[in-house]
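S.K.: Sequence plus predicted model, see below.
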Amino acid sequence: MKLYKAYAKVNIFLKITGTRASYHEIISRFMRVDSLYDELSFAPKQKGQEFEIVGEFSCDTKQNSIYKAYIALLEVLDEEAAASLKNLMSRYGVKVIKRIPAFAGLGGGSSDAATFLKMCNEVLHLGLSLNELSAVGIKVGADVPFFIYGYDSANVSGIGEVVEEFKEELLDLEVFTPDVEISTPKVYTLYREQFYNPIDGFEVERLKKTASRDILDQMSADEANDLFKPALQAYKELKNYYRHGHFFSGSGSSFFRVKDV
Ligand SMILES: C[C@@](CO)(OP(=O)(O)O)[C@H](O)COP(=O)(O)OP(=O)(O)OC[C@H]1O[C@@H](n2ccc(N)nc2=O)[C@H](O)[C@@H]1O
Ligand SMILES: Nc1ncnc2c1ncn2[C@@H]1O[C@H](COP(=O)(O)OP(=O)(O)O)[C@@H](O)[C@H]1O
């Protein structure tokens, strides 16, 4: 059975530009991490549940982003396509070799969901465009659209649904994930309550144009990521893992830097 790679991402920078109901509007440079990925495949199953995920997960199937992507996909398909998807998933489970740590700011759950949507689109010849798959993906998680498009590097805005390719070299990144389970909503909520300071349009345009390597040369970890300070405040133990010259990905807990050559 064909293996599909679901890559991790880091946020080279992540700045808040405003709010949208309980969400935050952002401008962020997402970069794919070439050396870190889960592997997904369809695996024939014996019998049993309607939907089966085989892999090491800390959550129930119904909470899994892959299952949520399945439900979101069923909602947009016509009757015939929905029947063929249900038929596929009655015969095959989704096997996942999980390597991307969870609660880590690396988008593992979102990447799995995006990869599953693309697998279904391919195997069932659903003919959905990347824009259509992205619109399904955003219902599952804010990071999913980036993984649908599959760019090495992109400027991501809105709450995550606007993905614009940024052409640059893929950096060779070293990622370190402390053993701290971070809740994304908790960090965003603390940001809004105590650190809210959205950047203006000029700064947005400057950041969008700046190469990732230059961002990392010019900015400190807390300048590059508006969620770093609230994460440090909510999870005090995080500071024990921080090393000068490292950057913070998303809502954490992972740190990264460009590998020495
Ligand atoms: C912070 C980022 C940066 O890439 O990712 P992670 O560090 O979690 O990987 C994203 O903005 C997170 O993406 P993701 O983790 O997919 O978020 P979701 O599941 O959609 O949302 C979880 C919760 O985070 C908050 N949230 C999420 C995205 C956003 N733009 N503003 C928000 O305020 C909301 O409280 C939401 O209920
Ligand atoms: N396919 C999945 N892979 C990892 N975690 C998942 C998945 N589906 C749901 N989850 C749940 O999502 C949360 C962590 O999401 P994840 O995407 O791994 O982290 P982050 O948002 O920090 O990048 C946990 O509550 C985990 O149980």
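M.R.: The structure has been received and is ready for your questions. Ligands and ions are numbered 1, 2, ... in the order given.
S.K.: okay, CA-based contacts and neighbour counts for the rest of this
M.R.: Fine.
S.K.: Could you check how many residues crowd around the spatially closest residue to K229 that is not a sequence neighbour?
M.R.: Of all residues not flanking K229 in the chain, D222 sits nearest, at 6.5 Å (CA to CA, 6 or more residues apart in numbering). When neighbours are counted by other CA atoms under 10 Å, D222 registers 15.
S.K.: likewise the one 10 residues further on?
M.R.: Residues near L232, counting by other CA under 10 Å, number 16.
S.K.: can you pull the contacts of it?
M.R.: Taking CA atoms under 8 Å, 6 or more residues apart in numbering, we find L232 in contact with 238-239.
S.K.: And it, how close does it get to V163?
M.R.: As judged by CA to CA, to the nearest Å, L232 and V163 stand 28 Å apart.
S.K.: sorry, back to before: any chance of the backbone angles for the residue nearest to K229?
M.R.: Dihedral pair for D222: phi -80, psi -20, per degrees, to the nearest 10.
S.K.: Mind jotting down where the helices sit in the stretch 1-150 of the chain?
M.R.: For the stretch 1-150 of the chain, helices defined by DSSP state H, counting those that start in this stretch occupy the ranges 65-76, 79-91, 108-123, 130-137, 144-149.
S.K.: so who does K186 touch?
M.R.: The contact partners of K186, taken as CA under 8 Å, 6+ apart, are A234.
S.K.: helix, strand or coil for it?
M.R.: Classification of K186 using DSSP: H, G, I helix; E, B strand; the rest coil returns helix.
S.K.: Now do the residue nearest to K229, the pLDDT please.
M.R.: For D222, the pLDDT comes out at 97.
S.K.: Who are the contact partners of it?
M.R.: Going by CA under 8 Å, 6+ apart, D222 touches 228-229, 248.
S.K.: of all the residues you listed, which comes closest to S129?
M.R.: Closest approach between the contacts of D222 and S129, by CA to CA: F248, at 32.5 Å.
S.K.: For ligand 2, see how far away the closest one is.
M.R.: Going from F248 to ligand 2 by CA to the nearest ligand atom, to the nearest Å gives 12 Å.
S.K.: do E168 as well
M.R.: Here E168 is placed at a distance of 23 Å from ligand 2 (CA to the nearest ligand atom).
S.K.: What number of residues are in the vicinity of F166?
M.R.: F166: 20 surrounding residues under other CA under 10 Å.
S.K.: for the one 10 residues further on, same thing?
M.R.: A total of 17 residues lie near F176 under the criterion other CA under 10 Å.
S.K.: A102: neighbour count?
M.R.: A102: 17 surrounding residues under other CA under 10 Å.
S.K.: That one against G109, yeah?
M.R.: Yes. Proximity of A102 to G109 meets the contact threshold set by CA atoms under 8 Å, at 7.4 Å.
S.K.: Quickly list what's touching both of these two.
M.R.: Common neighbours of A102 and G109 are not found (criterion: CA under 8 Å, 6+ apart).
S.K.: before we move on, the earlier item: among the contacts of D222, name the ones in helices.
M.R.: Using DSSP state H, the subset of these located in helices is 228-229.
S.K.: right, and out of the contacts of D222, which lies closest to ligand 1?
M.R.: F248 (9.2 Å; CA to the nearest ligand atom).
S.K.: ok, the contacts of D222 vs D78, which is closest?
M.R.: Of all those, D78 sits closest to F248, with 42.0 Å by CA to CA.
S.K.: partners of that closest one in the sheet?
M.R.: F255 (DSSP bridges).
S.K.: isn't it right up against S254?
M.R.: Yes. Shown here, F248 and S254 form a contact pair, counting by CA under 8 Å, at 6.1 Å.
S.K.: between those two, which one's more packed in?
M.R.: A direct count of neighbours by other CA under 10 Å for F248 and S254 places F248 higher, at 30 against 26.
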